[in-house]
Every structure is written in structure tokens, then in C-alpha cells.
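Novice: What follows is a predicted structure for the sequence shown.
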Number of protein chains: 2
Amino acid sequence: MLAVTILGNNSALPAYGRHPSAQIVTLQDHLLLIDCGEGTQMQLSRFKIRISKIKYVFISHLHGDHYFGLIGLLTSMGLLNRKESITIFSPPGLQEIIELQLSAAETRLPYPIEYNVLQEAGLLLESRHYTLRCFPVEHRVSCWGCRIDEKKVLRRILRKKAVDRAIPAAFFPLLQKGEDYQLPTGELIRNEEVTEAGDSPASYAYCADTRYLPELIPLLSGIRLLYHEATYLQDDFEKAAQRYHSTTLQAATIARQAGVNRLLIGHFSSKYEHIEPLLEEAKQAFSATDLALEGVTYLIR
Amino acid sequence: MLAVTILGNNSALPAYGRHPSAQIVTLQDHLLLIDCGEGTQMQLSRFKIRISKIKYVFISHLHGDHYFGLIGLLTSMGLLNRKESITIFSPPGLQEIIELQLSAAETRLPYPIEYNVLQEAGLLLESRHYTLRCFPVEHRVSCWGCRIDEKKVLRRILRKKAVDRAIPAAFFPLLQKGEDYQLPTGELIRNEEVTEAGDSPASYAYCADTRYLPELIPLLSGIRLLYHEATYLQDDFEKAAQRYHSTTLQAATIARQAGVNRLLIGHFSSKYEHIEPLLEEAKQAFSATDLALEGVTYLIR
């Protein structure tokens, strides 16, 4: 299971109580922070998310509404005497910005930062439980999307049946992986007799900021939850194109054509006081759409 | 009259809903922003202060809790298509930090920034109505206080008496400045007969962050409202000294010995959930003390 908690759902100018882009993905024991607009550390505190649990940070691009909160968060981690390293993925240039500000404050953080520059599509992280991959999107500056895939989940053992067939418990981990069992008599017990399918793996993809980019569709195939920016309503599609942003209908089209399970739209323009019309419009093209709301956690089972 | 609106009253780590340092001083037609911690633009929006009115920014020092919100504010001013220049006073290094971040975003602001590096005590600004001066304080890095003084205010004309004495209206501006008037008969009308004293000039001084520094006392003489940091309660005076901060009693001692009218204490440590005990303690040494509370405007008449 994956979970995504939205900390900020607005575009450049903070407006109507909405904050710039930031979200937390819960990955087993630790957290991945995707983007970190100004005020993210206050939002983390407001929603009672422990910043010590953040192990990875993915910064999609170096527009301020996606990273101006990072230096404050890193500094606060230092004040809280963090020792564990943190890994940051970003386009080129972020390390220099962070180091210049630390140097101006004559501050040395008590923990190491591992900077990873996004340069080509591919695998960023692989653990026992999931992978994190990045892919380029198209915005005014170098900008990246990412997807997190849980690894193939284990089969569920039908315990009574397995015990009845005298399969030793020591073999259960292999049963979960789908293996058959051979009894001392030579008889083969097929895996399907004593297990059933586990949940299918969860997956999440994040696409912000980007112009409408049909090339993303094959990259998003099979995604369970897709976050796609929808800065504007459809009648502003020309402005969206000029500014390398997407509209509601464009986000919904990508979701439908990629065959994702659910769509979250966010990165709303500050021109909209009310965001419900964006949802209504997106639903016309893809009904399984939700608004990315700050403080809400979206579960991907 | 001057007015100070507190936007953030906390020290380094945001805590208990308190924000890092920032405040707005109202100067006739425009605003001076003193320090600009992370989230200042959201606080300005929350308290309905128009960012287009900010003409001057004074950054006391380059610790993040005093300036991490500046790049976001400057960027937002650009998105709002500001044309008017803005003047920033700060210790060395800020211009490089701002320009590096603008360059990473490939952003060119539509208005000019005039950077002024604080290097010695003295006059920073002088208008018809006030002066702004800076002076060094002592913190871990180069750090500056400032004071704003309204200029000598005009005498108030007792209109009926002046008209009765047949003083022509054209002479009234000179009456306001304190001059006597000679009638065509040669008779001298003394200024005090037809005017009364105007309000005495308002003045405000800001001292954060600083260790206890008695050398400030002569610089603060005659100040009507003094903001002095009081990061800690007195029982933490050793920690305060180590970290180049002040305690409540130290702030109150400076206020009393400088003979200021009122004292505002702020820059509270994140260790305190409740800040009332800091007020009680400061009042023991200087009764005319208030807590700097976010969203509150303190008038200096």
C-alpha cells in the first residue's frame, strides 16, 4: 500500500489559503517528499507529519513554488539534530543554492545530504518493497515527473489448506513467492491449491509542472493513482500552452488514455477562488477524478 | 505616527503556530518590511497587507529564519507585474543568493532591486517625514538593528486666534514651523500665542538577533517603542549567551536603562509552548512591556 498526503495544491502565488506544491508519499518505514514549496515545514507540522521520517526528497524543477521551502526544512532538520543522511533528487543547480545559503549563515548541518542530479529517465531508487523512477516532462525549465511502484506483492497462504497438506511452515515464504511444494512421497502440490492472489501492487505517478504531453501516456500505463497538474480550466487552454501548463481536460485525457485507476488534479491557478469547477470539468473526460486537497491522504491499495 | 505589524514572532524553528521573524512598519505612503522569514508572503496575505506597498526591506542578518521568505516574496511581486523598484538593506551575500535562485528559474523580474549592503552604523534613508538608521548588534553572524525616527512634527495652529490676530493664511506654514509674525503695525505676535505643540515625533527601534549588549543603550535613547528579542527566560541566560541571544530580563534592562516608552519582546524560542511567562518575567524589570503578537499592529503616536 502507498499513501499520498497533499501539503500544497496551488500554483505559483499562494492564494485563498492554498499553499505551493508539496506532498508526502509514505513508503514503508520512511517518507518521500515530492516538491517543497515555501511553508512546507509549517504544513508538515500542521498535519503532524514527523520530519525526521523524511528520507528522500524529489524536486521536480527549480521554480520557487516547488522548492523555496527546502532550505528551511533542511535547516530545521539540522536544528533538530538529525544525524541520518537525506537523499535529494533534482535538476542541476539545487546543491549550489543550498550550499550558498548554508555558507551565508555559517551553518554546518549535522547530517549529510546526498545530491542526485536528474539527467535521464530511469531508476532512481530500488528497495525490497518499491522502485522510484523519473521521466522528463515539458515545462519552461528542466522538469521531471516520477513514479513509485510497489514490487509484486506476495501470494496469500490459505493456512488451513497448507497445514492439511502437511507443508512445513519453513516453506511458507517460498509459497508466498508462488513456488510449488513436493511432498516426501514425490507428490507435487501446486501453489494455487494452497494460496490465493495477494493485492495487486500499488503505484503512483506525479506529473507537475507540464504542458499537455501525450508522450507521457505509455509511461503512465498501469498507474493506480496519477497526480497530474491542471492549472487551468479548459477555456484557458491557450494560456496553459503558452505557460507550459495543462488544463483539466488535458489532465483527464492523459489519465483516460493511460488507463490509470484514479486521477488527482492539483497545482491550481491563483486566479480561482473556488476549485470545484475544475473538478467538474475534469470529470467530464475522466470520472474517477479527485481534487488534491491539502491535508488529505489518498490511499493506493 | 508610526505603526508596526508583527508577522512572525518566533525564533528558528516554526512552532505552535508561530512564524519566523517578520514585521511591517507603516511609513506614510509605503511600507518597510523588517526581516522576512519563511512564509512571510502568506502572513501578509492573511493579514490583508498589500505587498505592492512594500518599498523597503531591511534584513537584519542571513540566518534563514530572518530571510528565507524573501525570494518567494520577490518572485510573487514579479508575478503580480510590479514595476516600481524595491530597496533592500542587508549584510553582504544576499544579492548573490537572490540572483542565483532567479537564474535557476530562468526568471527576470519586471522591476529593479536596489541592493544596499550594511557596512557601518548610520543613515540609510531620509525622507521628508522620517529617517531610517542602522547600527550593529552582536550575533553569531554579521547582524544589524535599525531605528526609524519621525522628523520633528509641526506645531498645531490655533486657527481662531490666528485669524483674530489677522495673520494671513499664507504665513500659516511658517507658524507651523514655530516662527513669530510681525504685523504691519510693527507689533510682534509670538508663535506660542497662536499655536500649540504638535505630537512629539514617533520612533521605533528593532534589535534582533543579539546577545545582551549594554552598548546599545545610548543608541536607543528616546525611543518610543523598542522591539528587543527575548528568545529565552532568564533561567536560560547561559544558553542565551552561548547562542548570542537575550533573555527577557536582559531585554527589559536595556529598555529601562535606555528610557524607552514601551518594549515589545519577541523571537521566542520554540521550546516555549506558552509565551505569557516571558511577558511576566520581562515586566518585573520593565512594566511597560508587551508580547509581540502575530497579526497585531502596535501604534506609536
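Specialist: Cool, the structure landed.
Novice: what's in contact with the one helix or strand A:D35 maps to?
Specialist: Assigned by DSSP states H and E, A:D35 belongs to strand A:30-36. Strand A:30-36 is touched from outside by A:8, A:21-25, A:40, A:49, A:53-60, A:66-70, A:73, A:132, A:146, A:148, A:206, A:208, with contacts defined as Cβ atoms under 8 Å, 6 or more residues apart in numbering or on different chains. Heads up, the C-betas are built off the backbone N, CA and C, glycines and all.
Novice: Just the mean pLDDT for that strand, thanks.
Specialist: Averaged across strand A:30-36, the pLDDT comes to 97.
Novice: Can you list the strands that that strand pairs with?
Specialist: In the sheet containing strand A:30-36, its partner strands are strand A:22-27 (antiparallel), strand A:54-58 (parallel), by DSSP bridges.
Novice: quick one: the first one to chain centroid distance?
Specialist: On the basis of Cα atoms, centre = their mean, to the nearest Å, strand A:22-27 is displaced by 6 Å from the centre of the chain it belongs to.
Novice: What of stretch A:244-251?
Specialist: For stretch A:244-251, the separation from the chain centroid amounts to 19 Å (computed by Cα atoms, centre = their mean).
Novice: Could I get the average pLDDT for that stretch?
Specialist: When the per-residue pLDDT values of stretch A:244-251 are averaged, the result is 98.
Novice: Then stretch A:97-105?
Specialist: Averaged across stretch A:97-105, pLDDT comes to 98.
Novice: Now that stretch: buried residues?
Specialist: Counting neighbours by 16 or more other Cβ atoms under 10 Å in any protein chain shown, one finds that the buried residues in stretch A:97-105 are A:97-98, A:100-102, A:104-105.
Novice: Could you tell me which ones among the residues you listed also sit near chain B?
Specialist: The subset of those within reach of chain B, counting by Cβ under 8 Å from any Cβ of the partner chain, consists of A:97, A:100-101, A:104-105.
Novice: For A:I157, give me its contacts.
Specialist: If you count contacts by Cβ under 8 Å, 6+ apart, A:I157 has them with A:172, A:175-176, A:194-195.
Novice: Can you name the residues bridging to it?
Specialist: Beta-bridge partners of A:I157, counted by DSSP bridges, are A:T195.
Novice: roughly how far apart are it and chain B?
Specialist: Per Cβ to the nearest Cβ, to the nearest Å, A:I157 is found 47 Å from chain B.
Novice: Kindly report the same for A:L32.
Specialist: With Cβ to the nearest Cβ as the criterion, A:L32 and chain B are 22 Å apart.
Novice: can you count the residues close to that residue?
Specialist: Number of residues near A:L32 (other Cβ atoms under 10 Å in any protein chain shown) recorded here: 24.
Novice: is it in a bridge, and if so with what?
Specialist: When bridges are assigned using DSSP bridges, the partners listed for A:L32 are A:V25, A:Y56.
Novice: ok, now the one 4 residues further on?
Specialist: According to DSSP bridges, the residues that bridge with A:C36 are A:A22.
Novice: do you know how far it is from chain B?
Specialist: Taking Cβ to the nearest Cβ as the measure, A:C36 falls 11 Å from chain B.
Novice: Ok, A:E229 next?
Specialist: On the measure of Cβ to the nearest Cβ, A:E229 and chain B end up 17 Å apart.
Novice: Now do the same for that residue: its pLDDT.
Specialist: A:E229 carries a pLDDT value of 98.
Novice: For burial, what's the neighbour tally of it?
Specialist: Number of residues near A:E229 (other Cβ under 10 Å) recorded here: 30.
Novice: Now it: phi and psi?
Specialist: phi -60, psi 150 (degrees, to the nearest 10).
Novice: Let me know whether it touches A:R211 as I believe.
Specialist: No. Between A:E229 and A:R211 there is no contact, the gap being 9.6 Å when judged by Cβ atoms under 8 Å.
Novice: Determine the residues that are contacts of both of the two.
Specialist: Shared contacts of A:E229 and A:R211, defined by Cβ under 8 Å, 6+ apart, are found at A:245-246.
Novice: Enumerate every residue touching the closest residue to A:P277 other than its chain neighbours.
Specialist: Nearest-residue entry for A:P277: A:L233, 6.4 Å, with adjacent residues in sequence omitted and distances by Cβ to Cβ, 6 or more residues apart in numbering or on different chains. The contact partners of A:L233, taken as Cβ under 8 Å, 6+ apart, are A:247-248, A:272, A:277-278, A:281.
Novice: Mind pulling up the pLDDT for A:L233?
Specialist: Turning to A:L233, the model gives it a pLDDT of 98.
Novice: Could you measure from A:S52 over to chain B?
Specialist: Distance from A:S52 to chain B, counting by Cβ to the nearest Cβ: 13 Å.
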